[in-house]
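K.L.:
Sequence and predicted structure are below.
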Amino acid sequence: MSVLARPWSRLTPAGKVVLPLLGLLVFLTLALLVGFATGLIPGLIRFVGDLLGANIGIVRFVVAASAILLMSVPTAFVIIYMELKVIALMNLRLGPNRVGPWGSLHSIVHGLKVLGKEDFTPTGVDVPVFTLAPAVTFLAPVLGLLVLPFAPGLLGIDMNLALLYFFAVSGLSVLGLMMAGWSSFNKYSLLGGLRAAAQIISYEIPLTLAVVGVIMLAGTMSLNQIVMNQSGSILDWYMFKQPLGFVIFFIAATAEGNRTPFDLTEADSELVAGFATEYSGMRFGFFFFAEYVGVFILSALTTVLFLGGWNAPFDIDPVLNALGIRFDLALDLARLDVGLLFLLALGPVVGTLLIALPIWMLRSDWSFLKSLVIGFILLNVLLAAAVGVWLALSFEAVVGLGWFLVKTYFFVFLFVWMRATLPRVRIDQLMGFAWKWMLPASLVNLFVTALAIIVVSEVR
Amino acid sequence: MTDNALKRRLETRLAGQLLGPVRARHDTTEIRIGAANVTSVMSTLHDEPQLRFEILADLCGVDTGDAMQVVYHLWSETTPDWLRVIVDGLPREDPRVPSVTFLWKGGEWAEREAYDMFGIIFEGNRDLRRIYMPPDYASFPLRKDFYLADDAARSPGQGFRHMELTHQPPEALPENLLRRSKL
Amino acid sequence: MAQQTRVRSLDDPDVFVESPATIYDAVPPYPPRTEREAEFYHLRDGEMLINLGPQHPSTHGVLRVVLKIDGERVVDLDPVIGYLHRGVEKICENGTWHHAISNCDPLEYVASMFSEAMPVLACEKLLDLQVPRRAEYIRVLAWELNRIASHALFMGWLSLDLGGLTPILYGFIERDEIVEMLNALTGQRVLFNYLRIGGVNGDLNHDFMSRLGDWMSHAAEQVENQTKLINENEIFVGRTRGLGVVDRATALRMCATGPVLRATGIPYDIRRAHPYSVYNELEFDVPTREEGDSYARYLVHVDEIKQSIHIIDQVLHQMPDGTVMAKIPRWIRPRPGRAWVSIESPRGQYGAYVMSDGSDHPFRMRIRDPSFFNLSLVGHLMPGNLIADTMAIMASLDPVMGGIDK
């Protein structure tokens, strides 16, 4: 062994990386050459292509599901960071400011910390249920993401009964919370789980009834179709046709997502952490993620149902035309010919220098290398912005996604704002509010909507 | 300042129940009574319209070295003075005093504290158990003959922690540490 | 699962017995000692015991309350204290009078200017010592500042225990300004150790005065800002109004003092009822409320902050010149005797009953802590309420465990 070990130990860390990579490169080159020479690789590609083409529905589903599963975690990270920072600002604090610029990587470190903690199973718990509960809780909002139309053509599944499906799977979260509360072998957890059951089931009813008005207006339960029905002017949004329904839906969604002032299931000043008391490490992290993904999907659903989804609140083209502004971005890069090569080779270098030099001259205490790095980062930011603008102007879906996210994050901000401002209600006040006020109000909304539809159709 | 009117009222009203003269110390009027008279004296002080000592400011035990005392401090809006009632001459071996919880329910915890610290038994207190020290604690720490080494020998490193209390008892308590077997 | 515990017998400390309780029960593994304990730990059908504390986030330290609950409703409760017991009274007996000041300091750690005053005032009374008037005024200034710091925190805690995140931080901002101010005066942020037998440790300095001036310029406004967030908040009012109602008779019977008593309408404030220091030269009201519920207690606290600001204003105008320390013997040995002193702390009546036997240490030093008596009210207030209300009630009584456990 020492024959290999001694030279290996003499390599620098960089060398230890480069040498295996070189070996790998040589191996892959040889393998590719052999593959192409024998005709094995083209055949394989053709076979896989045929296979995928024949099952395009499944492929689409798998891709969408993977994308959404991958998307859920960064979404949670963004919302966690947003919550920390916004509440901090409202509390006149600084909030996270250590990791990354303005602490923006804080929640990633948070996630890594959660991953690194001990996954502890206390004595006396019902192990299978205890283990499954976080996954079930996390599953519910992630499955809900699948039917959300983010932008024209950008959605997991265009389901006919998307709304029904959405409520069905988001009802799954109560199962997870109940499982966690019951299996933890802790009285606080049990109380939290039972509170979750009572609260979420009670608020499902006004939540669903508030939406029935929208369904009646739209005549469909497909979320995609509901959004399309709201295209046109801002007055077509159901927010203006269903103001009461909108308010009821938002309040019920707050309770459904266990957010302040209805966060009784994990009321930290009463039940320690409610259903999550006995959880640690990544299992606790799953509850955490589930809550924040839940906030996202509830905000997104509010946007989709009442705020017109991806539809822009105003049409920008007439304004631009009136002002005489026209974008002509028909870039024909091929026309540049050899110049393109020079642009690709020299563009980054020249761009970096152009940004770095003024910085270096202005900040005498920075080394040139530091200025270069900053310049390079700034250049990338500028380029990304340019690409973003180009994408937005060229593709409708990007604009739609932008509007969708703006509206959704407005509601996320609203949730965070409420968390920073309001105390928590009591369980009897919560239940009384659901059954005495929300349910009659949503029924009134339903009847008035039905009446209005009949009257309008009769008049016509 | 001394409220002489209060002094006269107390002397006339409580004549025969006082162990000594009514004394004034600073802004406090002080009377001493025996354990047998606690209930009647306190009821009088509390109920009599001219006295109306409605606020029990404090209740504590004292170990003077010879005898035990229970000291009450009362306040009334009829007088600018504090009233101190000292129940004197309780035997150190078995100090017993009637409880005042029938007048001041809030005195319950204070009586528990006096029991915990001095071993004074308040008869009529429904909940007379230790309040600060663990339930299996054997000493009365504020007594003047409290000796820390004795205490350590009697409670060898364990209060009442029923989550973890699984040790076997030591074979024999070191006799030389038990300076006094009973307090 | 049902692991039996071996516990020390109560009859004979050397005998270990098998306890009927499992390690998971809240039921204590020994036979009941009193009638009340037997009654409490007898569970009827559907009842459950739950341990609130001593490591619970909102028990204000290490209070443990065993709740007997039926669903979410509290049927009965048994507060267990003593987790922070240091035996301060015994420690004071073993040290000199000067030692007692710093030993009593951490009793009421939220407003320690009051607890450290106990041995000081008591010893001065035993010595018949006349404290310089400037020192008295400085004491009043420090007390009132500390009262505001404590009340500002109370408002935040109450809101935090109801689930509101923000007011506690506003409270801490106000408290921090005051604490920094007192830091400039005393050299300590929390346990000041500032009062001395015969006066105070050090005169007012420039740093303190400039901070105080800054703070006084916006103090009233700051209180307004803080109360604006919660005073009219529908959820806050809905959760505190009509909750934990104490009537006058009960409050007197339970020996409650301070804001708890004043919220029932009895204007019992030692500063007025039995004036000490220079409080009879100062103009202020004793705010009271009639309702006696958690919300009334909260409002009394708010009004008291305003009154304290008013007092500080007067103190600054009337501050006399002179020394801040009386001439006291280096070795303090009061004549044999006994003395009772009592002051109005943010939580109520702080008292001390001291006895001297003529030596240089107290023969007996009894500290009467207001939180101790106020906390015993929970047994009356909580049964019948929900678990969530226990927090609102407990926070509105404003217990500080350092003083309760002594």
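P.N.:
Yes, it's here. Residues are numbered from 1 along each chain as shown, chains lettered A, B, ... in the order given.
K.L.:
per-residue confidence at residue 24?
P.N.:
Unless you meant another one, I'm taking chain A. pLDDT, A:L24: 93.
K.L.:
I was after chain B.
P.N.:
On pLDDT, B:A24 comes in at 82.
K.L.:
is it true that it touches B:K7?
P.N.:
Yes: shown here, B:A24 and B:K7 form a contact pair, counting by Cβ atoms under 8 Å, at 6.9 Å. For every residue, glycine as well, the C-beta is placed using N, CA and C.
K.L.:
Quick one: mean pLDDT for the biggest helix by length in chain B?
P.N.:
Identified as the longest helix of chain B according to DSSP state H is helix B:107-118. The pLDDT scores in helix B:107-118 average 90.
K.L.:
in whichever helix or strand comes after it, what's buried?
P.N.:
The helix or strand immediately downstream of helix B:107-118 is strand B:121-123, counting by DSSP states H and E. Buried residues in strand B:121-123, defined by neighbour count with 16 or more other Cβ atoms under 10 Å in any protein chain shown: B:I121, B:F122.
K.L.:
Can you classify the closest residue to chain A within chain C by secondary structure?
P.N.:
Nearest residue of chain C to chain A, counting by Cβ to the nearest Cβ: C:G163, 2.8 Å away. Here C:G163 is recorded as coil under DSSP: H, G, I helix; E, B strand; the rest coil.
K.L.:
Just give me the neighbour total for it.
P.N.:
C:G163 sits with 28 neighbouring residues when counted by other Cβ atoms under 10 Å in any protein chain shown.
K.L.:
How is the chain partitioned into domains?
P.N.:
Picking chain A for this. Domain ranges of chain A: A:13-54, A:74-315+A:398-459, A:321-394, per automatic domain parsing.
K.L.:
wait, chain C
P.N.:
With automatic domain parsing as the criterion, the domains of chain C are listed as C:16-85, C:88-398.
K.L.:
which sections of the stretch 201-350 of chain C are below the confidence cut-off?
P.N.:
In the predicted model of the stretch 201-350 of chain C, no residue satisfies pLDDT under 70.
K.L.:
Could you rerun that using 90?
P.N.:
Within the stretch 201-350 of chain C, the stretches with pLDDT under 90 are C:201-205, C:216-255, C:258, C:265-285, C:289-294, C:319, C:321-338, C:348.
K.L.:
Just say helix, strand or coil for the residue most central in space within chain B.
P.N.:
With distances taken as Cα atoms, centre = their mean, the residue of chain B nearest its centroid is B:G61 (3.1 Å). Following three-state DSSP, we place B:G61 in the strand state.
K.L.:
any idea how far it lies from A:L379?
P.N.:
Going from B:G61 to A:L379 by Cβ to Cβ, to the nearest Å gives 80 Å.
K.L.:
Skipping its backbone neighbours, what lies nearest whatever residue of the stretch 351-460 of chain A ends up closest to chain B in space?
P.N.:
Closest to chain B within the stretch 351-460 of chain A is A:R426: 27.8 Å, counting by Cβ to the nearest Cβ. With sequence-adjacent residues excluded and distances taken as Cβ to Cβ, 6 or more residues apart in numbering or on different chains, A:R426 is closest to C:A388, at 4.9 Å.
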